[in-house]
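Novice: Give me a 3D structure for the following:
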Amino acid sequence: MSPEEILAAVIKEAKSLGIPVSDKIVPEVRINRRAVSRFGSCAMRYDGWYEIELSERLLGADETARRRTLAHEVLHTCRGCRGHGKRWKGYAERMNSAFGYGISRTGSYEKAGIEPPPAKYMVVCTSCGTEFPRMKRSKLVDHPERYRCRCGGRLVRKI
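Specialist: Alright, predicted model coming up:
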């Protein structure tokens, strides 16, 4: 199915559960070719319509991953659901229970079934070897000595 067909199906499913998704959702899904760590987004345009975007990376994933991401974004069109608060989580749980989506606040490459991009930076625990890949510079990347792993080990920057 195309992203537009999936979007229409997801909207219909949400409405069948009484979830008050907006009637002002642009029916065309924009494909973001630059997104690296984000699978989708929902933005309200100046005219009050919602525009939903899907990462190009998800076009290579199975339909379940695209459907889950589009359902996640559709829920953001509900009143009071711009973030991932209590109301949004309640609607997500209703969708998950009814349709088995597995909608969550954040997604993962593993859950989507796609290969993650190579990390620009890698921080590693000297005790257990756990790796913390990062795409952007951050306080952790610049000063790993200020942080500890869950195991209590020291962190160092590898690359």
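Novice: Can you name every helix or strand that the host helix or strand of residue 8 contacts?
Specialist: Taking DSSP states H and E as the definition, one finds residue 8 inside helix 3-16. Other elements packing on helix 3-16 under the criterion 3 or more Cβ pairs under 8 Å, 6 or more residues apart in numbering; DSSP states H and E are helix 63-75, helix 86-99. Every residue, glycine included, has its C-beta placed from N, CA and C.
Novice: Quick check: which of these is buried the most?
Specialist: helix 63-75 (a mean of 23; mean count of other Cβ atoms under 10 Å).
Novice: can you count the residues close to the closest residue to residue 67 other than its chain neighbours?
Specialist: Counting by Cβ to Cβ, 6 or more residues apart in numbering, residue 67 lies nearest to residue 6, which is 5.3 Å off, once chain neighbours are set aside. A total of 19 residues lie near residue 6 under the criterion other Cβ atoms under 10 Å.
Novice: looking at it, residue 6 is touching residue 66, isn't it?
Specialist: Yes: Residue 6 lies in contact with residue 66 (Cβ atoms under 8 Å); the separation is 5.7 Å.
Novice: Extract the CA atoms of the least confident helix or strand in the chain by mean pLDDT and return them as PDB.
Specialist: The helix or strand of the chain with the lowest confidence, counting by mean pLDDT, DSSP states H and E, is helix 109-112 at a mean of 84. Only the C-alpha atoms of helix 109-112 are listed here, as PDB (Å, rounded to 0.1, in the frame of the first residue of the first chain):
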ATOM      1  CA  TYR A 109      15.500   1.000  13.800                       C
ATOM      2  CA  GLU A 110      15.300  -2.600  15.200                       C
ATOM      3  CA  LYS A 111      11.500  -2.400  15.700                       C
ATOM      4  CA  ALA A 112      11.100  -0.900  12.200                       C
END
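Novice: Give the buried residues for the helix or strand just after it.
Specialist: Note on helix 109-112: by DSSP H and E, the next helix or strand toward the C-terminus is strand 121-125. By neighbour count, with 16 or more other Cβ atoms under 10 Å as the criterion, the buried positions of strand 121-125 are 121, 123-125.
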